[in-house]
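J.: The amino acid sequence is not available; the structure is as follows:
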């Protein structure tokens, strides 16, 4: 059995939304779009470009991310080590080793792990999240 110990860094831009709920997850090749609702009428679209893979998993199945990498500490993290990518690298036929693949983690009741080549773009859609406090 492989034991993982995630090491993550918070994506600072996401801290504008202290609390959020994932409303939409849409794969529009090659991009993954996740829309979240923050407090009040604040909404954001998170766009992950050049996606290589993603998974949606019940938070109960990835407890290695608790308690440090979960709300209220943050909800959008870059996984530097010990995440899904680290797990897959143990497979004999895994062939992404030569790509500059990055892993991101969206915390929710159903969490999302994303492999892509660039940092996500966060686009505000509704009210300014700082005005809802």
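T.: Perfect, thanks for sending it. Just so we're clear, the structure is a prediction, and the values are computed from it rather than from any experiment.

J.: who's sitting farthest from the centroid in this structure?
T.: Most distant from the centre of the chain: residue 92, at 25.8 Å, with distances by CA atoms, centre = their mean.

J.: Distance of that one relative to residue 4?
T.: 18 Å (CB to CB, to the nearest Å). Where you see a C-beta, it was placed from the backbone N, CA and C, and this is true even at glycine.

J.: Kindly report the same for residue 65.
T.: Distance from residue 65 to residue 4, by CB to CB: 9 Å.

J.: higher neighbour count, the two?
T.: Between residue 65 and residue 4, residue 65 has the larger neighbour count (other CB atoms under 10 Å), namely 20 against 15.

J.: I figured the more buried one hits residue 103, correct?
T.: No. If you go by CB atoms under 8 Å, residue 65 and residue 103 don't touch, sitting 11.8 Å apart.

J.: after the lowest-mean-pLDDT helix or strand in the chain, next one along is what?
T.: Ranked by mean pLDDT, DSSP states H and E, the weakest helix or strand in the chain is helix 84-88, scoring a mean of 90. Using DSSP states H and E, the helix or strand that follows helix 84-88 in sequence is strand 102-106.

J.: OK, contacts around residue 23?
T.: Residue 23 is in contact with 35, 36, 37, 43, counting by CB atoms under 8 Å, 6 or more residues apart in numbering.

J.: name the element it belongs to?
T.: Counting by DSSP H and E, residue 23 is part of strand 21-28.

J.: after that strand comes which helix or strand?
T.: With secondary structure assigned by DSSP H and E, strand 21-28 is succeeded by strand 31-37.

J.: list the buried ones in that following strand?
T.: 32, 33, 34, 35, 36, 37 (16 or more other CB atoms under 10 Å).
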